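>>> everything below, folded, please.
(chains A, B and C)
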Amino acid sequence: MAVMDISGRSAARIRAAVSRVDVQELAVLGGIVILAVALLLGTEGFGTSQNLSNVLYSASVKAIIGIGMTLAIVSGNIDISVGSATGLIAAIMAKVMLAHDVPFVILVLIGLVIGALLGCVNGFLVAVLRINPIIATFATLNIFAFGKQYVFGNDSQLLGVPSSLRWLGAPGQTLGIPHAWWIVVVLMVVAWLYMECRPNGRHLYAIGNSSDAARVAGVRVQRRVFGVYVVVGLCVGLAACCLVGSNSVVDVSFGSGFELDVIAGVVIGGTLIFGGRGTVFGTVLGTLLVALVANAVILFGLPSGLFPLVTGIAIIVAVMAGVIRERRRAAA
Amino acid sequence: MNGSSVSEGTGSPRQSAVASRWLPTWSTVWGYVSTERVVLLSAMLVVWVVLMRVLQASGSLSGSYDLSLLLSASYLIVPVTLLALGQMFVLVTGKGNIDLSAGGMVSIGSMVLGYTVGQWDWPAAIGILVAVAACAALGALNGLLAAHLGIPALIATLATSYAFTAVAVLMSPDNPISTPSVTSMSSALAKDVYVFGPERPPVPSLVLWLLIPVVLLTWVAFNRTPFGRRLYGVGVNDSAARFVGIPPKRVRFQAFVCSGLLAGAAAVAMTATYATASPTAGANLVFPAIAVALLGGVAFTGGAGRVGAVALAGVLVVFIHSGLLIIFDGIFGDVYYLLVLGLLLIVAAILNDVLTRRFSGS
Amino acid sequence: MLTVRGVGKRYGGVRALGDVSLQVEAGEVRGLVGENGAGKSTLIKIISGAEVPDGGSVSVDGALLHPGRPLDALAAGISTVYQDPQLFGELTLAENVFLGDETVKNGRIDWQSQRGRVRALLIDIGLNPDLADQRVADLTVAERQLVAVAKALARKPKVLILDEPSAILSGAEVASLFLAVRRLRDQGVAVIYISHRLDELKEITDRVTVMRDGSIVSTSPTQELSIRQVAELMVGKSLEQLPDRRGAAIGERVLDVQEISRKGRFEDVSFGVSSGEVVALYGLVGSGASDIARALFGVAPIDSGNIFVSGASVTVRSTSDALSIGVCMVPANRKEDGIFGANSIAFNISIGHLDRIRKLGWLVDRKRERDIASDAVRHYSIKTPHITNRISNLSGGNAQKVVWARQTMGDHKIVILEEPTQGVDIGAKGEIHRFLAQLAGDGRAVVLVSSDLAEVQHVADRILIVRSGSIVAEFAGDAPAAQILALAAGDIQVDAAADRKEA
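Take a look at the predicted model:
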């Protein structure tokens, strides 16, 4: 009897949430389908299982970070240090793996812990010292880059990294789908449940709407914001593990430019850049679309420099769409 | 710096169009140092030089920290300070305005210079004008997106930063352009000038003919023109600005264009210094520029900051950079530079916020 | 039962509240009235813990409350519904009601029971229960106001304070509100109902407390007072006499406004102002008077209608438009719209007149700037050691004078003043009224928007009463105060009924 009651409640809630699926998310889904079909018909390389799993894999690394970033942006904050943080963690892990024979689980734990620590730094600057998130994470972007360079020392590459993390990397697949993608799906569900069903998760939307009103309503804003940055750090740690798992060479350029792709995925997926609105489901879709576009650029033989240009334009269009929607709503 | 900040009792009240002026009632030294940014920066400069001399005396440096080192490193002041002033225009107008795309604009500017002067053999003067105009146009694009269309400046300029860099790379041929016309332009523009006499270390001419005039012009713009008043006004209270007939959107747009102009100037400086037009000319310039601006008292929330302090902050940062290069071996000097800049940026941000809150009467 | 004893509060040099004591019984609906600046909001903020009083105490059922702690007040059972409810637009109604106070079961929010309670609450207030799942941003403004009431009710308060709850509600919605209030009274809640609508207070309250100039003037059972009597208690003594300028030279029609409308704010407003004349737009909170003024200055332009300046048709879509056609305005909220807080007095004055201080086209003539600022300081008796003093150091009255000096400088034919003496001490108030008289004496056409009845009676030649976005009546400046207030606050019939009662 109790089981049926609980499922009745959550079914009702899920039904309500599904009915609130956003126009933008549907549009992105449509875009993905159209682009996939176009690539399937227009190119030879797209349909191969190798290519598809590569696309999924590169999407999953960014999507993992994107899930954390969604929480940050929904609460009205941002973290542009994720790129250098990823590179830093990858460098540390490579060094560790080169020096010792460390089991898989410990490695992942190391990645998560370091990620959480980096997140604590950001959280401290933004939530405790009240520094503007843009300035704070811009500073840590460069401080983490310093850390990455420091770990690398005079080398620009770390060679011969053992493949202990292979399970998480590109070659780690089951049924042709990378494990990293499974992780994305699991994380997405967990994050979605948190943001829909836990009070603290809903509070993030309130903080994004108006942190002053949230404080007055009894929300512990400082704690939530700090926590959000720690979550971003954890996601970054996990993503770094996936990256290291794909290569036996860890390069100093790992992670550079990630922040752009991650933010692109988040805003294309319908999350408002001002905060207060957005879902992880949309972010995962948005990241997948961005990965498909990157794939298209390669498959069509276009110069690779085109990709950041397209991403930049896509971000602007997506944010504009959000701005227009908000203006229309405010005028109504 | 003289103590002429005391304005009570003197015959002519000083012109005071800017924020961060302190009051006659602040009598403690700490108050003076924390509110007058120029004083704080000068103190930091002195502390740094003393520290370097101490390290030098104890033999820990790989070179000697003296005037010749500083002057040879001073070419770096030019692009960083130019971009920092560009950031100042944008940051002063408030509401989170920032220009992360300055590096990309410099890269495009350098490529334009490379094509016009290097490949098409246009006269250097024309090429320079076209490059600066191109960067101003890019600044206008930023202004359109951030000021008129309402896209938050962070996102808009983050996106354009990548877009501009991509365009610069797409524009460039396989190798950086350093044709004879470019090298001759560079040697004309960027030679060393023996200001202190033939035996003494020289000063890069770019500092003399580009940086100093631009700093002076910027100072005039901020402190002696109606445009400067409008910039500060919009940054302090854009609603009140509207009530006096000043359109905040237009002023912010103009600020982004100014950032573009200064990026163009920085592109000229970079191309001339390295005698090469390169699509990565602007890489790694934005971060020091923003750090210098914030160190110079420009608050992220707007309405504050003085040109003199920003210029002095530029000097300080270059002093620190050249010092780090001889403290640490190899590339580590540049690596620790990132760390130090990051920490300085954080400290500056906190200090600026505290002061803004205290002096805006809230 | 709520007991307030000896509570006082000063803001800078201005006394907002002086030794106020009040007791509201359980199961009583107490009306609280007073003009703007009478101290109502300050009193409410102190009761709800949003402000710390300078002295005195607040207790609920005998238990003393910590001053200045809103969460303590909430826990003690004091719920407040403010005029501008801080709701979260992106969340649903149900989520808004329970935010910060969610019901959690098995580690997850118990949506089912929350929804059930919200639906019951909505039915109680007379709203459609299906609204519980709607995004608050999609609700109408009136519905959002009722959401705020539901949120307060969800905490089962002992004391409920409603601050102008009906300002934006229509007739039927007000009836629902009254239903809820009566139900609460029957359940033993002490309700404080703040409103300017004297006719509504007559209907819903048991006793009425009138405040004036920071003190309580009277507390009486509602049925013993007529609306006219309440109005008279509110208004009190008038200010110092100005030289009688009635009958002063009033010249040509300078401003003509015909049937201007702005969606949701005001509709079909027409009036005219002549040079040398002071016309007041008198209205209570939310009446639309401010919106009319801002439309004339181009801050929030009109949707339809015509504006004529000296006979010529004009379009005003921005403040620069307004300034160029000869309209200037002194805004109400000087902190938000008037002051450049971090800058000096000289900057604050010259920023509005950059064209006057131009030199060689591109530069600023600093001597001219200093002269203009010094002249203004002298002319308006602005108390400051020097013109380079930061404006945030000045008192409210002096800062207002700086804004006044800047905004009215020049030869604009039409001057719009929005609440010019809000938050200003008595001394500066008198000075500003003298400046106002001077403006009219110089031949300018003055439009005064004010919710301060004494001020309006003091300076205006004509008084136009604005209510719910329309001009409902016009009086000469010397009409009886209470009549004006009653009209602004209630229906036309009320006035006639009150007259019959007196007779």
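>>> tell me the helix or strand right after the helix or strand of chain B with the lowest mean pLDDT.
Within chain B, no helix or strand scores below helix B:29-35, which has a mean of 62 by mean pLDDT, DSSP states H and E. Next in sequence after helix B:29-35, counting helices and strands by DSSP states H and E, comes helix B:37-57.
>>> what comes into contact with the following helix or strand past that next one?
Remark: after helix B:37-57, the chain's next helix or strand is helix B:67-73, criterion DSSP H and E. Residues from elsewhere that reach helix B:67-73 (CB atoms under 8 Å, 6 or more residues apart in numbering or on different chains): B:63, B:200-204, B:318-319, B:321-322, B:325-326. For glycine as for every other residue, the C-beta is placed from the backbone atoms N, C-alpha and C.
>>> try 6 Å
B:201, B:203, B:318, B:322 (CB atoms under 6 Å, 6 or more residues apart in numbering or on different chains).
>>> likewise stretch C:48-66?
Contacts for stretch C:48-66 (CB under 6 Å, 6+ apart): C:1-10, C:45-47, C:67-70, C:72-73, C:76-78, C:80, C:158.
>>> again, 8 Å this time
The contact list for stretch C:48-66, computed with CB under 8 Å, 6+ apart, reads C:1-10, C:17, C:19-21, C:42, C:45-47, C:67-74, C:76-78, C:80, C:158-159, C:161.
>>> cool, stretch C:208-221 as well?
Under CB under 8 Å, 6+ apart, the answer for stretch C:208-221 is C:15-22, C:30-35, C:37-40, C:42-43, C:201, C:206-207, C:222, C:225, C:230, C:233-236.
>>> okay, now the unreliable bits of the chain?
Picking chain A for this. Along chain A, segments meeting pLDDT under 70 span A:1-21, A:330-332.
>>> nope, chain C please
Low-confidence segments of chain C (pLDDT under 70): C:12-13, C:36, C:126, C:167-168, C:235-248, C:482, C:490-503.
>>> what residue in it comes nearest to chain B?
Across chain C, the shortest distance to chain B (CB to the nearest CB) belongs to C:S392, at 2.7 Å.
>>> tell me which residues of stretch A:105-116 are tucked away?
Burial within stretch A:105-116, assessed by neighbour count using 16 or more other CB atoms under 10 Å in any protein chain shown, is assigned to A:107-108, A:110-112, A:114-116.
>>> A strand includes C:L448, no?
Yes. Applying DSSP: H, G, I helix; E, B strand; the rest coil, one finds C:L448 inside a strand.
>>> my guess is it contacts C:L417. True?
Yes. Contact criterion CB atoms under 8 Å: C:L448 and C:L417 qualify, at 4.9 Å.
>>> coming back round to it: ok, how many other residues are close to the residue of chain C closest to chain B?
Neighbour count of C:S392, defined by other CB atoms under 10 Å in any protein chain shown: 17.
>>> same check on C:D268?
C:D268, neighbours per other CB under 10 Å, totals 13.
>>> still on that earlier bit, now the common contact residues for C:L448 and C:L417.
In contact with both C:L448 and C:L417: C:L436, using CB under 8 Å, 6+ apart.
>>> close to chain B, is stretch A:296-307?
Yes. If you take CB under 8 Å from any CB of the partner chain as the test, stretch A:296-307 does meet chain B, through A:303, A:305-307.
>>> which of those residues lies closest to chain C?
Nearest to chain C among the residues of stretch A:296-307 next to chain B, counting by CB to the nearest CB, is A:F307 at 32.5 Å.
>>> which elements pack onto whichever strand or helix holds the closest one?
Per DSSP H and E: A:F307 is located in helix A:306-331. Applying 3 or more CB pairs under 8 Å, 6 or more residues apart in numbering or on different chains; DSSP states H and E, one finds that helix A:306-331 contacts helix A:258-268, helix A:280-299, helix B:153-171.
>>> by contact count, what packs against the first one?
Yep, that's helix A:258-268 we're talking about. If you count contacts as 3+ CB pairs under 8 Å, 6+ apart, helix A:258-268 packs onto helix A:49-74, helix A:82-99, helix A:280-299, helix A:306-331, helix B:153-171.
>>> relative to helix A:49-74, how tilted is that helix?
On the basis of axes from the mean of the first three to the mean of the last three CA atoms, to 10 degrees, helix A:258-268 is oriented at 80 degrees to helix A:49-74.
>>> so how far is helix A:258-268 off the chain centroid?
On the basis of CA atoms, centre = their mean, to the nearest Å, helix A:258-268 sits 8 Å off its chain's mean C-alpha point.
>>> over to the second one?
Relative to its parent chain, helix A:280-299 has a centroid offset of 12 Å by CA atoms, centre = their mean.
>>> between it and helix A:49-74, how many degrees?
Interaxial angle, helix A:280-299 versus helix A:49-74 (the same axes, to 10 degrees): 140 degrees.
>>> any residue of helix A:280-299 touching chain C?
No. Using CB under 8 Å from any CB, helix A:280-299 stays clear of chain C, with a minimum separation of 13.9 Å.
>>> buried residues, that helix. List them.
So for helix A:280-299, counting by 16+ other CB under 10 Å, buried means A:280-297.
>>> and the strands in the stretch 251-400 of chain C?
Applying DSSP state E, counting those that start in this stretch to the stretch 251-400 of chain C gives strands spanning C:253-262, C:266-274, C:278-283, C:304-309, C:312-314, C:327-330, C:358-359, C:363-364.
>>> export the ones you listed to CSV and append columns for distance to chain B.
Formatted as CSV, the strands of the stretch 251-400 of chain C follow (distance: least, CB to the nearest CB, whole Å):
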stretch, distance to chain B
strand C:253-262, 17
strand C:266-274, 20
strand C:278-283, 18
strand C:304-309, 16
strand C:312-314, 15
strand C:327-330, 7
strand C:358-359, 7
strand C:363-364, 5
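>>> which one of those lies nearest to B:I177?
Smallest distance to B:I177 across these (CB to CB): 40.2 Å, for strand C:363-364.
>>> if we can go back for a sec, what residues of the helix holding A:F307 count as buried?
A:306-316, A:318-323, A:325-326.
>>> try stretch C:461-481
In terms of neighbour count (16+ other CB under 10 Å), stretch C:461-481 has its buried residues at C:461-467, C:469-471, C:473, C:475, C:477, C:479, C:481.
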